[in-house]
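[1] The following comprises the amino acid sequence and a computationally predicted model.
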Amino acid sequence: MSQFTIHRRASIAGHNGGIYALSKGPSPEQFFTAGADRFVALWNITSEKQEAFAVKLDAAPYSLAFIEEEALLCIGNAEGKLHIVDLNTRKESKLIDFHKKGVYGLAYLSAQKLLVSVGGEGNIGFWSVPEFKLKLQIPIGEYRLRGLAINANESLLAIGSADGLLHVFETEFFNEILTIDAHEGSINCIAFHPEKPIIVTGGKDARLRFWNASSGKKEYEIEAHNFAIYDVKFSPNGQMAATASFDKTAKIWDANSFDLIARLEAPELKNRRSLNCISWVSNDEVAIAGDDKLLSLWQIQKDDSKNR
């Protein structure tokens, strides 16, 4: 039977407030972080030091998207503004004032060269890249939009709302093809299963729910945490998933069965505070950040030897 060991490889400090978003950077050893201190910083996770890059905003950054082929960092802030930073010049190339409340999610449709943004006022924006002209807007309602995910072949876009509804769009004409009453309270995070036609949602109700991406039928659910789930991400090879929660824990799951592999909490975590965001470094290393102001790197090792 398979056993797993997990240990913290590094904890990188630098923010003066909780970390709200993570994004991979220009190279595999670089990660962007966005914090309540209104800074976006770039870190080298090998040297565990900050790179010569930082952006100071007028309001806290809530979301990040790095567009590698254009060398552009997109930042959504608490006041609804989109900051576009050119990494070649290290300067802001565009400031977009569209959303009326915080920008809680950003994602990039690479085939169509469209940045998708979702706001606290209930609107979806679609922006041409690299011009960042508004190509389409879709009003969902008066509730905050937070969860946002695109499937592997970019044919489906899923967006979660604070009223618990999951909205699924096809990406040719952006027609809504499914509307699912998914959670009691806000949907905070969404991920498409990398190997199954399943949409995974995490909510304020602390549950993970699994939805058929074609029919919208609920396949199953688990009581994953004690309080709100803030992020869910699959490993690059699709073998594991990680979740982060307001209950101050992160968990690692078998992506096929969703059996629990590991639970990260005190004393493993340095501070007992909300964990907000996750990004996989590789198939066996995950980055986790939250209100403890730290970017923590965890290595997961599988031992296939049988217990005796």
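    That came through fine.
[2] which residues sit in contact with the residue nearest to Ile187 when sequence neighbours are not counted?
    Once flanking residues are discounted, Ile187 sits nearest to Gly160: 2.8 Å by CB to CB, 6 or more residues apart in numbering. Where C-beta positions appear, they are placed from N, C-alpha and C, glycine not excepted. If you count contacts by CB atoms under 8 Å, 6 or more residues apart in numbering, Gly160 has them with 145-148, 166-167, 182, 186-190, 201.
[3] For Gly160, name its beta-bridge partners.
    Leu166 (DSSP bridges).
[4] Let me see the contact set for Gly76.
    61-64, 82-83, 99, 102-106, 117.
[5] Against Ile199, how distant is Lys217?
    11 Å (CB to CB, to the nearest Å).
[6] Just give the number of residues close to Asn77.
    21 (other CB atoms under 10 Å).
[7] so who does the spatially closest residue to it that is not a sequence neighbour touch?
    Counting by CB to CB, 6+ apart, Ala59 is the residue found nearest to Asn77 once chain neighbours are left out, at 4.4 Å. By CB under 8 Å, 6+ apart, the contact list for Ala59 reads Arg38, Asn77, Ala78, Glu79, Lys81.
[8] now swap in Lys233 and tell me
    Shown in contact with Lys233 (CB under 8 Å, 6+ apart): Ala191, Ala241, Ala242, Ile278, Ser279, Trp280, Val286.
[9] sorry, back to before: among the contacts of Gly160, which one lies nearest to Leu73?
    The closest of the contacts of Gly160 to Leu73 turns out to be Leu148 (CB to CB; 17.1 Å).
[10] That closest one and Leu109 touch, don't they?
    No: if you go by CB atoms under 8 Å, Leu148 and Leu109 don't touch, sitting 11.4 Å apart.
[11] any shared contact partners between the two?
    By CB under 8 Å, 6+ apart, the residues touching both Leu148 and Leu109 are Val116, Leu157.
[12] how about the strands in the stretch 151-300 of the chain?
    156-161, 165-170, 176-181, 187-192, 198-203, 207-212, 218-223, 229-234, 240-245, 250-254, 260-264, 275-282, 285-290, 294-303 (DSSP state E, counting those that start in this stretch).
[13] could you dump those strands to a markdown table with distance to Arg90 and mean pLDDT?
    Below are the strands of the stretch 151-300 of the chain laid out as a markdown table (distance: least, CB to CB, whole Å; pLDDT from 0 to 100):
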| stretch | distance to Arg90 | mean pLDDT |
| --- | --- | --- |
| strand 156-161 | 31 | 98 |
| strand 165-170 | 35 | 98 |
| strand 176-181 | 39 | 98 |
| strand 187-192 | 31 | 98 |
| strand 198-203 | 35 | 98 |
| strand 207-212 | 39 | 98 |
| strand 218-223 | 44 | 97 |
| strand 229-234 | 28 | 98 |
| strand 240-245 | 30 | 97 |
| strand 250-254 | 32 | 96 |
| strand 260-264 | 35 | 90 |
| strand 275-282 | 22 | 96 |
| strand 285-290 | 23 | 96 |
| strand 294-303 | 21 | 90 |
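[14] Could you check how far the residue nearest to Asn77 is from Phe98?
    14 Å.
[15] what do you get for Leu22?
    From Leu22 over to Phe98 (counting by CB to CB), the distance is 24 Å.
[16] Glu142: what's it in contact with?
    Glu121, Gly122 are the contacts of Glu142 under CB under 8 Å, 6+ apart.
[17] any idea how far it is from Gly290?
    In terms of CB to CB, Glu142 sits 29 Å off from Gly290.
[18] Equivalent analysis for Gln137, please.
    Separation of Gln137 from Gly290 (CB to CB): 32 Å.
[19] Check Lys302 too.
    From Lys302 to Gly290 the distance is 26 Å (CB to CB).
[20] more crowded one of those two?
    Using other CB under 10 Å as the criterion, Lys302 and Gly290 rank with Gly290 on top: 26 against 12.
[21] who touches the more buried one in this structure?
    By CB under 8 Å, 6+ apart, Gly290 lies in contact with Gly18, Ile19, Ala244, Arg273, Ser274, Leu275, Asn276, Cys277.
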